[in-house]
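Participant: need the 3D shape of this:
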Amino acid sequence: MSSDAETAQRAFDPTFEMAKTTSNEMLLKTIAALQANAEAGFTHLEALVAVKSPSEFFELQTAFLRKQIEKSAEQAKALQALMLRATEDVSKPIKDAFEKALKVHKAA
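Facilitator: The predicted structure is shown next:
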């Protein structure tokens, strides 16, 4: 019983470390996306200040919104892929430890 607890503890240690690493990576990706979106917004505002007609305004606005929707979809896909990989990476040490424990108990 004590050996099983130690095995479980050894499985959780790398899991916690991996969770920390992947959460930092998610945070950095999120900050990068927010920064890119803010910069795009400021650039767009600068372009709007120089507008000379309502039609130019609507053309700029439409192009900006289209680009932002595309960029948001790309960012969402990237974050989703990162979350999927993180889930797999974080759960792998625990899964491996439990599979090993099951094999040992079946053999016993």
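
Participant: look up how far Thr15 lies from the residue nearest to the spatial centre of the chain.
Facilitator: Nearest residue to the geometric centre of the chain (Cα atoms, centre = their mean): Leu79, 3.4 Å. Going from Leu79 to Thr15 by Cβ to Cβ, to the nearest Å gives 21 Å. Where you see a C-beta, it was placed from the backbone N, CA and C, and this is true even at glycine.

Participant: please apply the same query to Gln75.
Facilitator: 27 Å.

Participant: one more: Ala78?
Facilitator: On the measure of Cβ to Cβ, Ala78 and Thr15 end up 24 Å apart.

Participant: sec struct for Lys52, please.
Facilitator: On the three-state scheme (DSSP: H, G, I helix; E, B strand; the rest coil), Lys52 is labelled coil.

Participant: neighbours of it, how many?
Facilitator: By other Cβ atoms under 10 Å, 7 other residues sit near Lys52.

Participant: before we move on, what about the one 3 residues further on?
Facilitator: A count of nearby residues for Ser55, using other Cβ under 10 Å, gives 9.

Participant: one step back: any idea of the pLDDT on the residue nearest to the centre of the chain?
Facilitator: With respect to pLDDT, Leu79 scores 90.
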